[in-house]
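Participant: sequence and predicted structure below; questions after.
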Amino acid sequence: MAYSDKVIDHYEHPRNVGALDKDDGAVGTGLVGAPACGDVMKLQIKVSAEGIIEDAKFKTFGCGSAIASSSLVTEWVKGKTLDEAAAIKNTDIAQELALPPVKIHCSVLAEDAIKAAIADYKKKSGKDEAAE
Amino acid sequence: MSRAVYLDYNAGAPVRPEVAAAMAEVLRMAGNPSSVHAWGRAARQKLEQARAQVAALVDADPAGVVFTSGGTEANALALAGCGRVHRLVSAVEHPSILDAGAAATLPVDRLGRVDLVALDTMLAGQAGATLVSVMLANNETGVIQPISEVSRVCRAHGALLHCDAAQAGGRIPVSIRHLNADFLTLSAHKLGGPAGVGALVLADADFVLAPILLGGGQERRRRAGTENLIGIVGFGTVAQSAGGDLSDTNTISALRGLRDRLEGRALARVPRAVLIAAEAERLPNTVCLALPGVAAQTQVMALDLAGVMVSAGAACSSGKVAESRVLAAMGLEPDLRGSAIRVSLGWDTRPEDIESFLDAWVDLARRKGFGISEAA
Amino acid sequence: MTAIGAKPCPTLARRPGTPVYLDYQATTPCDPRVVEAMLPWFTEKFGNPHSRNHAYGWEAEEAVEKAREQVAAIIGADAKEVIFTSGATESNNLALKGVAHFYKDKRNHIVTVVTEHKCVLDTCRHLEQEGFTVTYLPVKSDGLVDLAELEAAITDQTVIVSVMAVNNEIGVIQPIAEIGALCRKKGAFFHTDCAQAVGKIPLDVNAMNIDLMSISGHKIYGPKGVGALYVRRRPRVRLVPLITGGGQERGMRSGTLSTPLCVGIGEACALAQAEMASEAERLKSLRDRLLGGLKQRLPEIYVNGDLDHRVPGNLNISFAFVEGEGLMMGVKELAVSSGSACTSASLEPSYVLRALGLDAEMAHTSLRFGLGRFTTEEDITFAIDHIVEAVEHLRSMSPLWDMHLEGVDIKSIQWAEH
């Protein structure tokens, strides 16, 4: 399968690889996927007092498309509000990276990772609406 | 050394130089088309290019082209894979169709053309459950069947139509859409491609074909097995060359001119000789010529001794010498059907080959006691 | 160290932008000597080998018969027992369907193994739909069949037992002679898919009691699109053909043969036979070097399948915490496979590795390295460096590697399977 140039670029030069302190109250961590399925994504966001995502880091176990999808979303979420970040759709990711149909699940996983990280942050900071 | 005169193109044509060159290049390529790495992708690209070339030759969707190990396998795949219980095949089909068993036989007329009325009657019995198989052009006589009309009858009864175009593909313009056939068999080595590669072309690329060869998911799950890349690239190349020839009126009329000269001179010099199916629409490269009363095999051997290669009937029967079933099905008298040879021309046939044939053949006829007209 | 050097191969010459080829189980390039033998048949020599009427035909037939003898020689068979096919897939289909259909009124049971090539398994599944009963034997964690289990599985209804000699993914060698003896004792035909075995290990159809054997051209430095099926004559094995019409190949396989392809597989067999012993030794030393080099520099890597009962040109390694497809992209200077080439479009982990009892997560982290006739020491040195670099890079990006370093047992985590 031929990967798109954008996938190759993110794979070879991944943006924002690393970790944030998961015990920091301003950090939300999303861990999605499963080793048995061949993809695990860990996405972390650091949210400012104003509710803006000021930093994002990822680590991913998966194919090139999974790595590229997570790398891309760390770029996209930075500077966004939580609501804006939550509005990122897997189809946007798939389109940006020109993912083939068999790799769409990577973009779904990346979307899930954002949502999971936001949910974790809200839970920790007491802003989890569902928990009210 | 004088040039060997090869006039047996319907058995297999010499490989065209551009085909040999294309194959030699691929022969040195590594890579399995199913592998995802660079070597594999390069092989896949060659494979898909050839598929497009073959599809273009018969005006088909590349996705409908299933590469096989030859026309015989393509025929077997159509019969076994189409999902129809009943089969109705013409009496002049290739043995891979005729001998596949469990089929009703559709008669042909004296010119070797299928009987459309009989087709209509026979189909009326088992509407919808039948596969009809009628070849586009016959390997022994070159007679072209009225496939569009056959198709019309098939459609009226809901039957599927398979058309063996192994001899016709690349020799006359073929469009699977205009023929309105469901499946088309093609073979590479009749055109100057390699032996051991062919294709079954599906008019509907999404038709669910039950494969004969199970295993890997190659050929969109219709034919498992690592692809014969060398052969397939050769096939693609020859399809392109033959397609080019067909659109070049000079090439086609030159070939037809050679054929007409051969037929005209043969009949003029040996007035008792018979040109089989002379009045039928035929391939521009095939001559079926009888010296009544002289065993075809005797003629073939005599011509071979004179350095001219032709054949008696089909070459597929592993060297068995049998009376032509095709000519018998046409209702030709025994002395005629046992005495016809097939002379078939192709891309490398030259005027001097025709003269060499005529010299040897007229000489043979003279020795067998035929009157020879020396005039003109 | 370089007592036996690799043969030069223009196809695989290292050029900028051309990866090092380490995928010899997927396919092998044609040996230049095979190419030389085939080339004349594309050009100055032609003709339908079944046209007996003229000189070209005779010459072609002679060449095909010589090739048949070359194929027969490498497996200790008689040339009359070898039929040519379009490849090992066809040979496997023909052997199983052909025998099952011919003897269907007498026996209706088939025994095979879960790690067989897909074409054997798919054919068996198809025969099940037709009403045959199929026993799919498991393998031990080393990839080998348990002979006692096999013996117990063969009944008086068993028509054919099909066990591959060498596995395409993990390279393990099954105890073919023992299996042959068992089958003979029990009166079942023994078919073995030797696509990956011919030319790599000594094979003898008589000593090993093999009744049918599938052979591939392109796995032994011959061309793609040609294979052979050995069919024993004494005691005679009969089969119903898949492709009829024309009656070529003793009626078992109709269709015009490709003379150059037959010549190619014949020449490939002759070369493999002559060079098998020295080549095996050379490849084993290269493989040991590859494995040693990786083990020395990378922790948490595991060889899949038995290392002793294995062809020398194969290594299948799980690189824990690194996903195989991502790794393949990382080692882009190498042409390797993750799982089998035939099924690599699917996202499922290899069924062969799963059959060894490997967890799905470990199966996902595997790469197959196939070494062959044109692999050089430089290739191996380059491969080691390149793999180590890629694995370290990907592990630095892997959340699972972090957990491993932190001492977290990945199995203890509740993963949300998606």
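Facilitator: Structure's in. What do you need? Numbering: from 1, shown residues only, chains lettered A, B, ... in the order given.

Participant: give me phi/psi at B:Q145?
Facilitator: phi -90, psi 150 (degrees, to the nearest 10).

Participant: what about it, how many residues close to it?
Facilitator: 25 (other C-beta atoms under 10 Å in any protein chain shown). C-beta: built from backbone N, CA, C; applies to glycine.

Participant: which ones are touching the residue in the stretch 251-376 of chain B that chain A sits nearest to?
Facilitator: For the stretch 251-376 of chain B and chain A, the shortest gap (C-beta to the nearest C-beta) falls at B:W347, measuring 36.8 Å. Taking C-beta atoms under 8 Å, 6 or more residues apart in numbering or on different chains, we find B:W347 in contact with B:A13, B:R16, B:L191, B:G192, B:S241, B:A242, B:D245.

Participant: so which of those sit within helices?
Facilitator: Counting by DSSP state H, those place B:S241, B:A242, B:D245 in helices.

Participant: any chance of these in CSV, with pLDDT too?
Facilitator: Output for the ones in helices among the contacts of B:W347, formatted as CSV (pLDDT from 0 to 100):
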residue, pLDDT
B:S241, 96
B:A242, 95
B:D245, 92
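
Participant: filter those to the buried ones?
Facilitator: B:S241, B:A242, B:D245 (16 or more other C-beta atoms under 10 Å in any protein chain shown).

Participant: the last one against B:S253, yeah?
Facilitator: No. Taking contacts as C-beta atoms under 8 Å, B:D245 lies outside contact range of B:S253: 11.1 Å.

Participant: what segments of chain A are helices?
Facilitator: Under DSSP H, chain A gives helices at A:5-12, A:64-77, A:82-86, A:90-97, A:104-124.

Participant: if you count neighbours, what's buried in the third one?
Facilitator: I take that to be helix A:82-86. Neighbour-count burial for helix A:82-86 [16+ other C-beta under 10 Å]: A:L82, A:A85.

Participant: what is it packed up against?
Facilitator: Here helix A:82-86 touches helix A:104-124, going by 3 or more C-beta pairs under 8 Å, 6 or more residues apart in numbering or on different chains; DSSP states H and E.

Participant: hmm, the helix it packs on touching chain C?
Facilitator: Yes. Using C-beta under 8 Å from any C-beta of the partner chain, helix A:104-124 reaches chain C at A:H105, A:V108, A:L109, A:D112.

Participant: pLDDT at the second one, what is it?
Facilitator: In this model, A:V108 is scored at 93, pLDDT.

Participant: so how far is B:E227 from the closest residue to chain A within the stretch 101-250 of chain B?
Facilitator: Distances between the stretch 101-250 of chain B and chain A by C-beta to the nearest C-beta are smallest at B:G217, namely 13.0 Å. According to C-beta to C-beta, to the nearest Å, B:G217 and B:E227 sit 12 Å apart.

Participant: which of the two has more residues huddled nearby?
Facilitator: Between B:G217 and B:E227, counted using other C-beta under 10 Å, the more crowded position is B:E227 (28 against 16).

Participant: wait, what's in contact with that one?
Facilitator: B:P33, B:L47, B:F67, B:Q218, B:E219, C:K224, C:G225.

Participant: of these, closest to chain A?
Facilitator: Set against chain A, the nearest of the contacts of B:E227 by C-beta to the nearest C-beta is B:P33 (12.6 Å).

Participant: tally of neighbours for A:D5?
Facilitator: Around A:D5 there are 10 other residues, counting by other C-beta under 10 Å.

Participant: same question for stretch B:125-134: list its buried residues.
Facilitator: Those would be B:Q126, B:T130, B:L131, B:V132, B:S133, B:V134, for stretch B:125-134 by 16+ other C-beta under 10 Å.

Participant: list the buried ones in stretch B:98-115?
Facilitator: Buried residues in stretch B:98-115, counted by 16+ other C-beta under 10 Å: B:L98, B:A100, B:A103, B:T105, B:L106, B:P107, B:V108, B:D109, B:G112, B:R113, B:V114.

Participant: quick one, strands of the stretch 51-200 of chain B?
Facilitator: Counting by DSSP state E, counting those that start in this stretch, the stretch 51-200 of chain B has strands at residues B:65-68, B:86-90, B:104-106, B:130-133, B:160-164, B:183-187, B:198-202.

Participant: which stretches in the stretch 301-418 of chain C count as strands?
Facilitator: C:301-303, C:314-319, C:334-335, C:366-370.

Participant: using CSV, write out every CA atom in the last one.
Facilitator: If I follow you right, that is strand C:366-370. C-alpha atoms of strand C:366-370 as CSV (Å, rounded to 0.1, in the frame of the first residue of the first chain):
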residue,chain,number,x,y,z
SER,C,366,6.2,-9.6,13.8
LEU,C,367,8.4,-9.3,10.7
ARG,C,368,9.5,-12.0,8.4
PHE,C,369,13.0,-11.9,7.0
GLY,C,370,13.6,-14.1,4.0
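
Participant: can you name the residue of the stretch 51-200 of chain B nearest to chain A?
Facilitator: For the stretch 51-200 of chain B, C-beta to the nearest C-beta, closest residue to chain A: B:A63, 15.8 Å.

Participant: contacts only, for the closest residue in space to that residue that isn't next to it in sequence.
Facilitator: Using C-beta to C-beta, 6 or more residues apart in numbering or on different chains and skipping residues adjacent in sequence, the residue nearest B:A63 is B:A205, 3.7 Å away. Neighbouring residues of B:A205 by C-beta under 8 Å, 6+ apart: B:D61, B:A63, B:G64.
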